[in-house]
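In: Next comes the sequence, and after it the predicted model I'd like to discuss.
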Amino acid sequence: MAKCDEGYRCEVCGRDVEAVTDSDLYLRYVLGEVPLELLHRLPERHLCCNPALAQYITDPGFGPVACPGPFDKAGLDPTFVTDEERRVTRGWLRLQAIPTLGLTVPEYPLAVTPDGDGSGDPTPRSVPHPFPSPPPRGEREEAPSRSVLFPPPPAGEGG
Ligand SMILES: [Zn+2]
């Protein structure tokens, strides 16, 4: 049951979901629809493999997804659709920013770490290093070279 050796396989198309930014599961986690404790138990899907949700992503960076059938947003209440588009698109923008935000997984959800006033610009304020710098290996103190401040006393003997 626990297959952790590779990436997570999309339960719809059977291909790996290679990036968190392409993950329907993580989008729903960001939106608060999936609790943290279920994150590793629920099946993974590509965003585009879950059109019922992906159709609400209205960002130009994400191609429009059609969802024919009873969940097609074209047949739903426009007010609901507008709210969903705002909510899901905001979550998607958070999802796209996750690789550069330096958040831990529990901090992914917008309810935990809001992205400011949410007005448009998803650009993170500061982009930390994608990988934390490794700790130094062992303490290696370099002794400063000792410069001789005081010349040795002249070897002369009075007498
Ligand atoms: Zn898929």
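Out: Looks like it arrived, so ask away.
In: how about the helix or strand that contains residue 53: buried residues?
Out: Element membership for residue 53 (DSSP states H and E) is helix 51-54. By neighbour count with 16 or more other C-beta atoms under 10 Å, helix 51-54 contains the buried residues 51, 53, 54. C-beta coordinates here come from the backbone N, C-alpha and C atoms, glycine included.
In: Extract the CA atoms of the very next helix or strand once past it and return them as CSV.
Out: Beyond helix 51-54 in the direction of the C-terminus, DSSP H and E gives the next helix or strand as helix 78-101. The C-alpha coordinates for helix 78-101 follow below in CSV (Å, rounded to 0.1, in the frame of the first residue of the first chain):
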residue,chain,number,x,y,z
PRO,A,78,-23.1,32.6,-11.7
THR,A,79,-22.6,33.9,-8.2
PHE,A,80,-21.3,30.6,-7.0
VAL,A,81,-19.1,30.3,-10.1
THR,A,82,-17.6,33.8,-9.5
ASP,A,83,-16.8,33.0,-5.9
GLU,A,84,-15.3,29.7,-6.9
GLU,A,85,-13.2,31.2,-9.6
ARG,A,86,-11.8,33.8,-7.1
ARG,A,87,-11.2,31.2,-4.5
VAL,A,88,-9.7,28.5,-6.6
THR,A,89,-7.6,30.8,-8.7
ARG,A,90,-6.1,32.3,-5.6
GLY,A,91,-5.3,28.8,-4.3
TRP,A,92,-3.8,28.0,-7.6
LEU,A,93,-1.6,31.1,-7.5
ARG,A,94,-0.4,30.0,-4.0
LEU,A,95,0.3,26.6,-5.4
GLN,A,96,2.5,28.0,-8.1
ALA,A,97,4.4,30.0,-5.6
ILE,A,98,5.0,27.2,-3.2
PRO,A,99,8.4,26.2,-4.7
THR,A,100,9.7,29.7,-4.1
LEU,A,101,8.0,30.6,-0.8
